[in-house]
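Participant: take a look and give me a structure for this.
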Amino acid sequence: MKAKITLMSIIVLFIAILTLGPARIQAQTQIGAGDSLSTEAARMDRMTETLGGAKVTDKLSAEFSSFLGADAKAVITGLRNGTPIVLTTTTTTTSSTPGAPPVTTTTTTTITPPTGKMGFGNVFISLALAKQELGQLGITQPTPQQLQAALLGGNVTAASGTTATTSTTLPGILTMRSQNMGWGQIAQKLGFKLGTVVSGLKAANHGLAVGAATPSGGGIVNAGGQPVGSSESGVVTGSGRAAGKSGKGAFGKSEGDGGMGRGFGQSVGSEGGITTGRGHGYGLSVGGSVSAGQGRGHSK
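Facilitator: Down below sits the predicted model:
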């Protein structure tokens, strides 16, 4: 009898390991993905301080335009500020009375975020999760009521087949978040992984980073999209490095020691010129005196 009990205990333990092992691995994976999301969300928030909220709002509006349509900017702004989001739906139907004009009906839906103000990173995550959740139900362009159910909780009715409809109760992404649930826990509750959301947020951050690097003091960037250096005279080599100060005069000749070939560019400084070629180059000055002069600049 004792041997049977021992054998049975081993079998039960073995089954428990087989059952709980994958679940534990999945939970750890979700936690790791949740950490990645937090890191990327913080990165987006840091870039917001440099770029400004308007530029990030435009970026996120473009990211979710296919999902939210014309309401994208209003939804993102409301989630960011924690203010009520008022969405209006206008439908036109044919009147049942012969000869009567079509009947127009306006429906207003208000989504009040229970999370209060959120960083743009968390705004992105919230909408990405809502998009994925509704997408599983076959909803790619939700009505305001369907979006409200995804964010706050409620019933969603989606078409199933030609005529049948299926009603699904959603827990509400923002509602769960306001209850101090982590993104990994929320994704697990919804029944999917965070990999797609992590990839989307990384791509959005990359797009913002490239956009932030493009402008420079003179509007000039190198091949990698980074702002070029600057010098006292405003002269740079073709590789984007700052060159030395060139001589005075309307026609100042500047030489860079940065590499191969020759390049010609136009200057905007009163002294010297901006060389856009690689290596040695000559720039034509737009400002400054009329007398001719010559100078030599060296790349740093």
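Participant: just the pLDDT at residue 158, thanks.
Facilitator: Looking at residue 158, its pLDDT is 77.
Participant: which residue is the nearest non-sequential neighbour of it?
Facilitator: The shortest distance from residue 158 to any non-neighbouring residue, by Cβ to Cβ, 6 or more residues apart in numbering, is to residue 137 (4.5 Å). For the C-beta atoms, the positions are set from N, CA and C on the backbone; glycine is no exception.
Participant: next one: residue 208
Facilitator: Nearest residue to residue 208, sequence neighbours excluded (Cβ to Cβ, 6+ apart): residue 47, at 5.1 Å.
Participant: same deal with residue 77?
Facilitator: Nearest one to residue 77, counting by Cβ to Cβ, 6+ apart, is residue 57 at 6.3 Å.
Participant: please identify which helix or strand holds the one you found.
Facilitator: In the assignment (DSSP states H and E), residue 57 maps to helix 53-63.
Participant: what helices or strands is that helix leaning on?
Facilitator: helix 2-51, helix 72-81, helix 120-136, helix 195-213 (3 or more Cβ pairs under 8 Å, 6 or more residues apart in numbering; DSSP states H and E).
Participant: which strands and helices sit next to the second one?
Facilitator: In terms of contacts (3+ Cβ pairs under 8 Å, 6+ apart), helix 72-81 is packed against helix 53-63, strand 85-93, helix 120-136.
Participant: determine which stretch of the ones you listed is the most buried.
Facilitator: Here the criterion is mean neighbour count by mean count of other Cβ atoms under 10 Å, and of those the winner is helix 120-136, at a mean of 23.
Participant: which other helices and strands does that helix contact?
Facilitator: Packed next to helix 120-136, using 3+ Cβ pairs under 8 Å, 6+ apart, are helix 2-51, helix 53-63, helix 65-68, helix 72-81, helix 144-152, helix 173-178, helix 183-190, helix 195-213.
Participant: dump those to JSON lines, plus distance to residue 101 and mean pLDDT.
Facilitator: Output for the helices and strands packed on helix 120-136, formatted as JSON lines (distance: least, Cβ to Cβ, whole Å; pLDDT from 0 to 100):
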{"stretch": "helix 2-51", "distance to residue 101": "48", "mean pLDDT": "65"}
{"stretch": "helix 53-63", "distance to residue 101": "35", "mean pLDDT": "96"}
{"stretch": "helix 65-68", "distance to residue 101": "31", "mean pLDDT": "96"}
{"stretch": "helix 72-81", "distance to residue 101": "30", "mean pLDDT": "97"}
{"stretch": "helix 144-152", "distance to residue 101": "25", "mean pLDDT": "96"}
{"stretch": "helix 173-178", "distance to residue 101": "40", "mean pLDDT": "97"}
{"stretch": "helix 183-190", "distance to residue 101": "44", "mean pLDDT": "92"}
{"stretch": "helix 195-213", "distance to residue 101": "45", "mean pLDDT": "90"}
